[in-house]
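>>> take a look and give me a structure for this.
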Amino acid sequence: MASLRVLSHAFRAWRRNLRWAKHEPETPYLADLLSDAPVCLHVGASDGRHTYVMTQVAPKARIHAFEPSAFTFEVLKLCMAWHGIKDQVTPVHAAVAEKPGELLLVTPKKMSGRMGRAYAFVAESAPEGAARPDLQDKGADLQPTPVVTLDGYCAEHGIGHVDFIRMDIEGAELRALEGAAGILDRDRPHVLIEIHPTMLQARFGGSAEAVVALFRNRGYRMFALNGDRLEERTEVVPDLPWKDYFFIHPTRAAKLPDGVFKARMAA
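Residues are numbered from 1 along each chain as shown. As a prediction, the model looks like this:
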């Protein structure tokens, strides 16, 4: 039986999803990337708000939703069940990185005393001082969490093709992508990823430039919203703590549904 806290959080997420509220501005573009029966990997699924959107714009989609927080994982499972889409969604209680094992999930405590679950990130050890360089906090909660690689997970579960990856993991994106190199090289999936320059450098020894290079070296083209306009870019927008970017490979352009991405890729 789920706890009252889990039930309360799941109910709010379920009701919010029905209203299509609190979604990222890039969310409406998912319909341009998902068609037929895509296999999607949702890394950093949280309560499943974007997992839910994927099932609505692609009713035949099969989604594997990775969430490292034990609490949020229970919210995710319950919320997907209430939406009636648990047969489409496989919840996975794990973080994603470049090698399997176990890491600490660091969840900052906001100055208000509430848990900053949206700001949680994985680490090999407890951070010294502030949990994040871009957030004031009153300490952090530490929780061990299992870790998988996307390549390893897909091999273990017989997933022979991946169409789309959504990733929002607070600075661990480069490590997660290194553990998905086989998928990227084999399938050239469409990718929507939130890049965190400050966290990449401060907590993971990486950089936003390295994330972009990982895709561009494979021939991907990069797009981002500028206001309400989708524009092509070759580097991240400067001086932002985080931002979402689309990466589309030209070899898959012909099979894109009619829409803004197909038009941009043809330009």
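>>> ok, which stretches of the stretch 51-200 of the chain are strands?
If DSSP state E, counting those that start in this stretch is used as the criterion, the strands of the stretch 51-200 of the chain fall at 62-66, 89-92, 95-96, 101-108, 121-123, 140-148, 164-167, 190-195.
>>> residues in contact with Phe160?
Quick fix: residue 160 is Gly, not Phe. Taking CB atoms under 8 Å, 6 or more residues apart in numbering as the criterion, Gly160 is in contact with Cys154. Bear in mind the C-beta positions are built from the backbone N, C-alpha and C, glycine included.
>>> could you do Pro250 as well?
By CB under 8 Å, 6+ apart, the contact set of Pro250 is 219, 221, 265.
>>> okay, it: pLDDT?
The predicted local confidence for Pro250 comes out at a pLDDT of 97.
>>> ok, now how distant is it from Tyr52?
When distance is defined by CB to CB, to the nearest Å, Pro250 is 30 Å away from Tyr52.
>>> on that earlier part again, mind putting the strands of the stretch 51-200 of the chain into a markdown table with mean neighbour count, mean pLDDT and distance to Arg114?
Rendered in a markdown table, the data for the strands of the stretch 51-200 of the chain read as follows (neighbours: other CB atoms under 10 Å; pLDDT from 0 to 100; distance: least, CB to CB, whole Å):
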| stretch | mean neighbour count | mean pLDDT | distance to Arg114 |
| --- | --- | --- | --- |
| strand 62-66 | 23 | 98 | 24 |
| strand 89-92 | 22 | 98 | 24 |
| strand 95-96 | 28 | 98 | 22 |
| strand 101-108 | 19 | 97 | 10 |
| strand 121-123 | 22 | 96 | 17 |
| strand 140-148 | 17 | 96 | 11 |
| strand 164-167 | 24 | 98 | 25 |
| strand 190-195 | 23 | 98 | 22 |
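>>> ok, which of those strands comes nearest Asp239?
Asp239 lies closest to strand 190-195 among the strands of the stretch 51-200 of the chain, at 13.2 Å (CB to CB).
>>> contacts only, for the residue nearest to the spatial centre of the chain.
What sits nearest the mean C-alpha location of the chain, by CA atoms, centre = their mean, is Met167, with 2.1 Å. Counting by CB under 8 Å, 6+ apart, Met167 makes contact with 43-44, 96, 173, 176-177, 191-194.
>>> relative to Phe204, which of these is nearest.
Compare each of the contacts of Met167 with Phe204 using CB to CB and the shortest gap goes to Glu173, at 8.5 Å.
>>> check which element follows the helix ranked longest in the chain along the chain.
Here the longest helix in the chain is taken by residue count, with DSSP state H as the criterion, and it is helix 4-18. Using DSSP states H and E, the helix or strand that follows helix 4-18 towards the C-terminus is strand 39-43.
>>> any of the contacts of Pro250 buried? List them.
Applying 16 or more other CB atoms under 10 Å to those, the neighbour count classes 221, 265 as buried.
>>> okay, who's weakest in the contacts of Pro250 by pLDDT?
Sorting the contacts of Pro250 by pLDDT puts Met265 at the bottom of the list (91).
>>> count the neighbours of the residue nearest to Ala31 when sequence neighbours are not counted for me.
Counting by CB to CB, 6 or more residues apart in numbering, the nearest residue to Ala31 once its immediate chain neighbours are dropped is Val57, at 4.1 Å. Counted with other CB atoms under 10 Å, the neighbours of Val57 add up to 17.
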